[in-house]
Structure formats: structure tokens, C-alpha cells
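Chemist: how would this look folded up:
(one chain, ligands or ions: 1)
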Amino acid sequence: MTADRRDQAVRAALAQGLLTEDQPVAALLDVAGIRASARALRAAFAAVTDAPVLHAFAVKAAPLVPVVALLNEEGIGAEVASPGELALARAAGVRPGDTVLDSPAKTRAELAEALELGIAVNADNPQELARLDALRAAADNPSAPIGIRVNAQVGGGTIGALSTATATSKFGIALRDEGARRAVVRMCLDRPWVTRLHTHSGSQGIPLERMIEGIREVYGLAEEINAAAGRRQIDTIDIGGGLPVNFASDDHTPSFAEYAALLRMRVPGLLDGRYGLVTEFGRSLLAKNGLILARVEYTKVSGGRPIAVTHAGVQVATRTVYDPASWPLRIAAYDGKGLPKAGEPVVQDVAGPACFAGDLLAEGRALPPLEPGDVVAALDTGAYYFSNHYGYNSLPRPGVYGFSSPAGEGAADGREETVFAPVRAPQTVAEIVAESGGELAGALLRGE
Ligand SMILES: *Cc1c(COP(=O)(O)O)cnc(C)c1O
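Modeler: Take a look at the predicted model:
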């Protein structure tokens, strides 16, 4: 999202009353931007391979039904990892054939449902595969594609919690462990219905080269299995997601096109048409298409440090608040009408509303002096931020609004109108009470 486009959306959001004393936080999504990201992803892979490619959006990055439906309209399926995410994808109209089920803890019931619906399943471990043996034997016509998730153990990135390809990662079968590679080949030869391999080498913080190294390992394993089977048993490789996002500027770097081109250079055999592909991008499709707006309630100075107390903190920016070094966010400052603030920057903290000292959106940040009634915008928060609410202090989930300019980009009269479509209604206080056992107030009382 360009700064101009963002400024226009913020001004329109304020003019149209999306941010009020009652609703002091609101999240915006750029509908045209999401469509453009989806198209860029599809075009990037279409440029490097003729093979069929299913791009499955990692639903956890933005578990919002209208967003999954928007992506689906752009030809993007869904990667799901829980019964809730599967239900969201189905509510969004994603076809079973465009859905992939991952997760390291699938129950028998989840597996049976996936088999019945014809949803692709990536088995995480040999015990899960044994369950699939039994469930498939009992199923009428088990046609769901089954894959095995492997961890190429190529190493982690700068964020430990998101590094899925370390030696001891909890995901998949660790390929470099003693005897593991041979065992995976055996598992496949014993099960002619295993037709896929899956790997996801990590998310934000993983160097591109390392991600691609993981994919190269898995491609090599597929070649080995097919040679041993004497046929093209493995016909599809799921390369996961994890393209890092640039949180430091408005540039989309690295781009999907750069990633696909690098993949073709490093793993040409993967793209020569012999293998179908699945991708599972999340953050890179959504992050730069969303922002959080929050009102500044008070400003103060403590120990010489100016602090703006806003309504956006840990409930919408959980990772940033708990791990600010890994997840710094850019903050833009606006006045109460949504006009960009001017003024000599002052080093200040941007705090959230939660009751612990670390609840800061930004620490020691140079921003125009903020005043009560101003608005701060946390940028690049379209993935994993406002959509993954954290219920601390019983703070409500903010409303989410998709914005578009029906007149089109740069309309001739220069007066584009921005329209907002509600994506998720703001949570009410009554809903919070109900979700918190409000109907059960007497449940623990003696009742005498
Ligand atoms: C989280 C996850 C993704 C998406 O990762 P991003 O960094 O958001 O692209 C894809 N696949 C699996 C298995 C995941 O766990």
C-alpha cells in the first residue's frame, strides 16, 4: 500500500466514523491490494512452470471468512491446521480439492473428515500415517491426496519461534536423523497412495536461500522415492509458505517473482512439469495490505520520555509487544481528522491500553508530537495481527473493514471516494461477558 493510498483510507475511515470513543481501534484491509498480491503470486509461478500449482492461503495468517473468500475468488485455495480453520475455509466457499490440511496434532475425527471430504492431508509423523492406514482401509472410496511432511533440517532463521527446519523442530519427519530418510522411502513404498511430500522451512526471518535449500532436499527425496518405486509415485510437492515480509518500508521485497525465479534457478527439476506444486503463503499475501488504527487517549511524560497512551497494544499486536526486537512495526501519526501529523519529530513511546509495562507498540520512536484525539496507524499488520486477537484485559476484538475506491485508482476528477465493507464486526462488551461465562455466574457458588 502506498503512503498516498493509506492516507486516503485513513482520512475516509475517520470521516465515515469507523473510529470513535466507543470503537477506539479499527483495522483496515486494502481489497485491491489483496487482489493484486494474489495475482502477483499466481503470475510469479505461472512464469516459471507449466505444472498445475495450487496456491493455498495459510488461513492462520488472516482467519477471516470474507478474506478467504476474496482470495478464493482470485484462484487461491486454503491451507488449514485446525477444525476451526477448516470450517472457516468451507464457510468461505473453498472447494475441498483446493484445501490442504496440515497441523501436527490432527485427531482421528479430523483425519476421517478430511478423507471423506477429499481434502489433501499432509501427515506429520509415522503415528499419524498409521492412523491413515486404518482410516483409509475403513473408508469407502478414499481419494484424498496424502502427503508426508518432512523437515529437511536445513537450519533456522533469526526468529526461533518461527524456525521450522531446525534439527529439533516439532514439525514433520526429521530427514537427517539416523535412518530417517530410508524410513520415509520405505513408508512411501509400503503405501502406494502416498503421492505427496510437504515441507515448510519456516516463516519470517528465514533467509530465502535456506528455504529453497529445504525445498531442494525434498525434491531430491521425491526423485529418490520415485526411482525406488519405479514409477512416478510422488506426483506433487508442497513447498509451504514463509516468504518473508519487509516491515521496514512500503516495498514488497522480496517479491513472489524473485522467489519463483530463484526457485527455478536452484531447483529446476521441480518446475519442469513433472511435479504438481502446492504453496502455502500467508504473511506475504496479507501483511502489507492491512493496518490498525487506534485513538490516542492521553499523552504524558515519564522519566523524561514522552508516552502516547493509545488503544492498540498487546490485544492486536501480540508478537510485537512480547518480542519487539523480532517484530518492529512502523507507526504513522495522524490527527483526529485523519490528516498526517506534521511537526518536528519527538522520540516517544507508543503504548497500548493493557495493564502491564511492556504493552508498547513502539518504544523510543521519533514521531510528530502526539496529542489526545490523534490517531496512530500500525502498518503492515494485515497478517497475524488484528485477525489473531489476544483476549488480555478483556479488550474487545476490533472491527475489520475492507476498503476500495470504486472510481478506480487515480480517478480523473481526483475525488476518489473510499468505501468500506465490514469484514468482522467489532466485538461488544456484552459479547465479552457472554464468552466469559456470563450465563454461568452462579456455577461455582454454594447456592445456599
Ligand atoms: C504458518 C504456515 C504457513 C504460512 O507461513 P507464512 O510465513 O505466513 O507464509 C504455511 N505452511 C505451514 C505448514 C504453516 O505452518
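Chemist: use CA for all of it now, contacts and neighbours both
Modeler: Will do.
Chemist: buried sites along the strand ranked longest in the chain?
Modeler: When the chain is parsed with DSSP state E, its longest strand is strand 290-302. Going by neighbour count (16 or more other C-alpha atoms under 10 Å), the buried part of strand 290-302 is 290-297, 299.
Chemist: same check, this time on stretch 229-239
Modeler: By neighbour count on 16+ other C-alpha under 10 Å, the buried set for stretch 229-239 is 229, 232-239.
Chemist: How about that stretch and the ligand, touching?
Modeler: No. Judged by C-alpha under 6 Å from any ligand atom, stretch 229-239 and the ligand are separated, with a smallest distance of 8.3 Å.
Chemist: need the contact list for whichever residue of the stretch 51-200 of the chain sits closest to the ligand.
Modeler: Residue nearest to the ligand within the stretch 51-200 of the chain: residue 58 (4.9 Å; C-alpha to the nearest ligand atom). Neighbouring residues of residue 58 by C-alpha atoms under 8 Å, 6 or more residues apart in numbering: 78-80, 241, 280-282.
Chemist: Any idea what it is bridged to?
Modeler: On the basis of DSSP bridges, residue 58 is bridged to residue 79.
Chemist: do the helix or strand bottoming out on mean pLDDT in the chain and the ligand meet?
Modeler: Across the helices and strands of the chain, mean pLDDT, DSSP states H and E gives its lowest value to strand 173-174, namely a mean of 93. No. Judged by C-alpha under 6 Å from any ligand atom, strand 173-174 and the ligand are separated, with a smallest distance of 13.2 Å.
Chemist: Now the helix or strand that that strand is followed by: buried residues?
Modeler: Downstream of strand 173-174, the next assigned helix or strand under DSSP states H and E is helix 180-190. Neighbour-count burial for helix 180-190, counted by 16+ other C-alpha under 10 Å, picks out 181, 184-185, 187-189.
Chemist: what does stretch 87-106 give?
Modeler: Going by neighbour count (16+ other C-alpha under 10 Å), the buried part of stretch 87-106 is 88-90, 92-94, 96, 98-104, 106.
Chemist: what pLDDT, on average, does it get?
Modeler: For stretch 87-106, mean pLDDT rounds to 98.
Chemist: Dump that stretch to PDB, restricted to CA.
Modeler: Extracted in PDB, the C-alpha atoms of stretch 87-106 (Å, rounded to 0.1, in the frame of the first residue of the first chain):
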ATOM      1  CA  ALA A  87     -14.700 -24.600   9.000                       C
ATOM      2  CA  LEU A  88     -13.700 -21.000   8.000                       C
ATOM      3  CA  ALA A  89     -12.400 -22.200   4.700                       C
ATOM      4  CA  ARG A  90     -15.600 -24.100   4.000                       C
ATOM      5  CA  ALA A  91     -17.700 -21.100   5.000                       C
ATOM      6  CA  ALA A  92     -15.700 -19.100   2.500                       C
ATOM      7  CA  GLY A  93     -16.600 -21.500  -0.200                       C
ATOM      8  CA  VAL A  94     -13.200 -23.000  -0.800                       C
ATOM      9  CA  ARG A  95     -13.600 -26.400  -2.500                       C
ATOM     10  CA  PRO A  96     -12.200 -29.500  -0.800                       C
ATOM     11  CA  GLY A  97      -9.900 -30.000  -3.700                       C
ATOM     12  CA  ASP A  98      -8.400 -26.600  -3.100                       C
ATOM     13  CA  THR A  99      -7.900 -27.200   0.600                       C
ATOM     14  CA  VAL A 100      -4.800 -28.700   2.400                       C
ATOM     15  CA  LEU A 101      -4.900 -29.900   6.000                       C
ATOM     16  CA  ASP A 102      -1.700 -29.600   8.000                       C
ATOM     17  CA  SER A 103      -1.200 -29.500  11.800                       C
ATOM     18  CA  PRO A 104       0.900 -31.700  13.900                       C
ATOM     19  CA  ALA A 105      -2.000 -32.800  16.100                       C
ATOM     20  CA  LYS A 106      -4.800 -34.000  13.900                       C
END
